[in-house]
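Novice: Whatever this is, show me its structure:
(one chain, ligands or ions: 1)
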Amino acid sequence: MSIKSELAALNMELNASAARLVAVSKTHPASAIEQAYAAGQRIFGESTAQELVDKYEKLPKDIEWHFIGHLQSNKAKYIAPFVHLIHAVDSEKLLQTIHKEGLKNNRIINCLLQVHLAREDSKFGLTEPALRAWLETGSWKSYTHARICGLMTIATNTENETILHQEFATLQALFDELKQKYFGEDAHFCELSMGMSADYPLALQHGATLVRVGSRIFGYRDYQKV
Ligand SMILES: *Cc1c(COP(=O)(O)O)cnc(C)c1O
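Specialist: As a prediction, this is how the structure comes out:
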């Protein structure tokens, strides 16, 4: 199937929910993004700062760029002027850095906190206890230019649907709990970023508002090329 027809099929599936599609274009050339753009897609996700900046400079300015990878603090300055949402903030230090870059650029940068739920050691993210303990300190409230808009997770890489349901349900419950405790008055706290090509239908069942889908749209990724 073509990029255009994959997008059409995906949008049909997403239509029934309130979720938006982040087309994950990492490792794919600008020409692939242009095809998706021509088919109406406007939200794209990248996971390295360099690639994101290169593509931002080349491509139409009404694209909403999401940074979905692990962001090193020293790279935040490159994407701060234009990034729409940073999905994977997993430390206070990174949130603080993003806040400082927001101040310098005179804009508020939207962020999600990454929660580690997967049964794999290699994944980044805050554990549930660490996240609860941090939010309870209230220190995040002083980072006025890094706005916490919700939660993100990468589920375990498995075909076991029981595990996937469990992880997505856990993130949804945690979102509800934190919203009630800390963000009740804040309409910006509204995003649950979960679900990728292999598992987004399950994530949608648990209230995902942003699904991050790459290979299903753009095909196989060749990391040698980047
Ligand atoms: C690459 C990536 C995706 C997309 O993965 P696919 O399996 O190709 O859909 C989603 N989220 C994150 C954080 C990624 O790094």
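Novice: what mean pLDDT does stretch 30-44 have?
Specialist: Computed over stretch 30-44, the mean pLDDT rounds to 98.
Novice: Actually, stretch 147-163.
Specialist: On average, stretch 147-163 scores 97.
Novice: With stretch 134-141 instead?
Specialist: 97.
Novice: Can you mark which positions in that stretch are buried?
Specialist: For stretch 134-141, a neighbour-count test (16 or more other CB atoms under 10 Å) marks 134, 135, 140 as buried. Yep, even glycine has a C-beta here, placed from its N, CA and C like the rest.
Novice: Can you lay out those residues as a markdown table showing secondary structure?
Specialist: As requested, these are exported to a markdown table (DSSP: H, G, I helix; E, B strand; the rest coil):
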| residue | secondary structure |
| --- | --- |
| 134 | helix |
| 135 | helix |
| 140 | helix |
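Novice: closest to residue 34 among those residues?
Specialist: Checking those against residue 34 with CB to CB, the nearest one is residue 140 at 37.9 Å.
Novice: Can you tell me which residues in the chain are near the ligand?
Specialist: 24, 26, 47, 68-69, 154, 196-198, 212-216 (CB under 6 Å from any ligand atom).
Novice: Is it possible to mark the buried ones in those residues?
Specialist: In the residues of the chain next to the ligand, the ones that pass as buried (16+ other CB under 10 Å) are 24, 26, 47, 68, 69, 154, 196, 212, 213, 214, 216.
Novice: Can you name the residues in contact with the longest helix seen in the chain?
Specialist: Assignment by DSSP state H gives helix 161-182 as the longest helix of the chain. For helix 161-182, the external contacting residues (CB atoms under 8 Å, 6 or more residues apart in numbering) are 115, 117-119, 128, 131, 135, 150-151, 153, 155-156, 158, 189, 192, 194-195, 199, 202-203, 205-208.
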